[in-house]
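> Got a sequence here, can you model it:
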Amino acid sequence: TLRDIREVEPSGLPRVLVVAIAAGALLLALLVRRRRRAALAPVAAPTAEPEPEPEAVPLPPDPYEVALARLQEIEREAWSTRGEVDRHYDLVTDALRGYLEEAEGIPARERTTMELRWSLPPRLLEAGLRRHYGAVFDEADLVKFARRRPADADAATFLDDARDLLGRWREAKGRPEAANAVR
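Down below sits the predicted model:
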């Protein structure tokens with residue numbers, strides 16, 4: 001027998017290591033199991049907050065109402081009584097041209113009186129409207145280009161004529177284009 005060689009005695013360290021590895025494996029298995037359950041569990045849909053009711057979208061302003069309000073504003077300002085007759089006439093015809101742009105889609109502010117007359121739909125020139133159009137716009141052209149200076153009473157009458165023309169255009173807007181008027 002060899003005296004130098006001793007039998008190997010088991011050490012306490014490897015048992016601790018084996019126990020630690022087993023505990024780590026068990027812990028890992030528990031974590032994996034928990035994650036799988038969480039992944040498989042049905043996710044509660046988040047409670048959606050009730051959607052606010054859509055706000056009422058305001059309708060675009062009626063071109064007739066806009067033009068009529070503009071004419072009323074011009075009347076309140078009384079430009080002709082302040083000595084600004086040309087401004088009075090210019091603002092009145094601008095309100096009418098604005099109506100034609102919005103209601104009919106005609107670039108009325110970019111056209112002369114004659115060009116505008118030819119670009120109007122026939123329904124806006126039939127049943128005496130052509131003559132009425134000519135009376136209003138031709139009068140405004142005389143004030144603007146010929147430097148005519150009408151009296152205050154004439155300026156008030158001009159405004160009334162423009163308001164009447166606007167109302168008749170509105171009535172004619174609802175009529176079909178079938179009845180083509182001769183220009």
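> Centre-most residue in the protein?
The geometric centre of the chain, computed from its C-alpha atoms, lies nearest to P60 (Cα atoms, centre = their mean), at 8.1 Å.
> What's the separation between it and A95?
Applying Cβ to Cβ, to the nearest Å, the value for P60 to A95 is 17 Å. Any C-beta I mention is one placed from the backbone N, CA and C, and that applies to glycine too.
> repeat for L40
From L40 over to A95 the distance is 72 Å, taken as Cβ to Cβ.
> Just say helix, strand or coil for the residue nearest to the centre of the chain.
What DSSP: H, G, I helix; E, B strand; the rest coil gives for P60 is coil.
> L40 and A95: which has the busier surroundings?
Per other Cβ atoms under 10 Å, whichever of L40 and A95 has more neighbours is A95, with 22 against 7.
> OK, contacts around the more buried one?
A67, R70, L71, I74, A162, L166 (Cβ atoms under 8 Å, 6 or more residues apart in numbering).
> from the chain's centre, how far out does the helix or strand of the chain with the lowest mean pLDDT sit?
Taking mean pLDDT, DSSP states H and E as the measure, helix 13-40 is the helix or strand of the chain with the lowest mean score, a mean of 81. Between the centre of helix 13-40 and the centre of its chain there are 63 Å (Cα atoms, centre = their mean, to the nearest Å).
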